[in-house]
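Enquirer: This is the structure alone, sequence omitted:
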């Protein structure tokens, strides 16, 4: 279960009363294969036509106490809330309703001792985010890695937003395990629960930036896609800056960006604004000098990884040679933009021994010795 604490929040089943299946209480269930549960459950008692779900501060896993859908708008109205409801199906998503028998994450930031779940749905008008909060534009960010997808993050501009925390900036729930994630880390907003799914800022004239972290397991490929770019004013350019690899991509030209993770966490920045202001930031992202790092692992069998930096666009040749000076593999060959590059050599089918990696980038040359052990 999730006890709501900012750290050490996951508690394994211990048979205590906190793990009883009672109305409105949810849990994480980790199980390989199918899981069947059969029991007779009595109807929940109503108090003035509603059920009261006990809450603790921070994150709560809650469930629908009824055998029918309840819209989250109904629950928000009954409790004077604006916080979203988070469902999970391989990744987190903002849910418009509570389905029977499903668990959901809800952040209790209002010190509520219980959550009122009315019996039946209200028929009030659905108000869009833009109508309610003055949102000018909103860009969703989608991350895909190893067939897993996180589409919970978004950023934007709103007339009601501030440069600090505001009600449009919602916290991101925490998952079990290492899943791909895009997170706005803002300890200056909340030093205990600093992971946010959204970051909205006020209108601006020249340039605005959003920093965020991307979680992809080391050695795995990740793809970031920024959507709804047509919402942006035409006078603005929009760039994605990869601070880890020293790369910048014009999202107007291509809205998806692929990378190979060299660390579990990568730092990114999205910049929107005038051409002059953005290009100055792009120049500051590029590496300062050419370099080729030592491969990892070394010795290896059969795959190893190299990283190299290009401070400017040049023609690149990256090849592997044996002790006799014979070429055994071409890893890269062609014109490449400035930035950091991660290259893997799969030596399957190549005999054990000492090999040399030779990088030629313009007038720069570097050679590294590697050891293949099978």
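Expert: Thanks, I have it. Computed from a predicted structure; not experimentally measured.
Enquirer: Can you get me the start-to-end distance on stretch 232-244?
Expert: End-to-end distance for stretch 232-244: 26 Å, by Cα to Cα, to the nearest Å.
Enquirer: hmm, who's touching that stretch?
Expert: With contact meaning Cβ atoms under 8 Å, 6 or more residues apart in numbering, stretch 232-244 is reached by 137, 139, 224, 226, 229, 247-252, 257, 259, 262-263, 266-275, 278, 281-282, 285, 339-340. From N, CA and C alone the C-beta is placed, and that goes for glycine too.
Enquirer: Make a ChimeraX selection of the buried ones in those.
Expert: Entered in ChimeraX, the line below selects the buried ones among the contacts of stretch 232-244, by 16 or more other Cβ atoms under 10 Å:
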select :137,139,224,226,247,248,249,251,257,259,262,266,268,269,270,271,272,273,278,281,282,285,339,340
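Enquirer: Sort out which residues of stretch 75-83 are buried, please.
Expert: Using 16+ other Cβ under 10 Å as the test for burial, stretch 75-83 gives 75, 81, 83.
Enquirer: Next: stretch 351-362.
Expert: 355, 357-361.
Enquirer: Also stretch 302-320?
Expert: Those would be 304-311, 314, 316, 318-320, for stretch 302-320 by 16+ other Cβ under 10 Å.
Enquirer: Turn the residues you listed into CSV, including secondary structure and pLDDT.
Expert: Listed next are those as CSV, based on DSSP: H, G, I helix; E, B strand; the rest coil; pLDDT from 0 to 100:
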residue, secondary structure, pLDDT
304, strand, 95
305, strand, 92
306, strand, 93
307, strand, 90
308, strand, 93
309, strand, 91
310, strand, 91
311, coil, 88
314, strand, 94
316, strand, 97
318, strand, 98
319, strand, 98
320, strand, 98
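Enquirer: In JSON lines: those, plus distance to residue 200.
Expert: JSON lines is the format used below for the buried residues of stretch 302-320 (distance: Cβ to Cβ, whole Å):
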{"residue": "304", "distance to residue 200": "43"}
{"residue": "305", "distance to residue 200": "38"}
{"residue": "306", "distance to residue 200": "40"}
{"residue": "307", "distance to residue 200": "35"}
{"residue": "308", "distance to residue 200": "38"}
{"residue": "309", "distance to residue 200": "35"}
{"residue": "310", "distance to residue 200": "35"}
{"residue": "311", "distance to residue 200": "35"}
{"residue": "314", "distance to residue 200": "40"}
{"residue": "316", "distance to residue 200": "40"}
{"residue": "318", "distance to residue 200": "43"}
{"residue": "319", "distance to residue 200": "48"}
{"residue": "320", "distance to residue 200": "49"}
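Enquirer: Filter the contacts of stretch 232-244 down to the ones in helices?
Expert: Applying DSSP state H to the contacts of stretch 232-244, the entries found in helices are 275, 278, 281-282, 285.
Enquirer: Many thanks, we can stop here.
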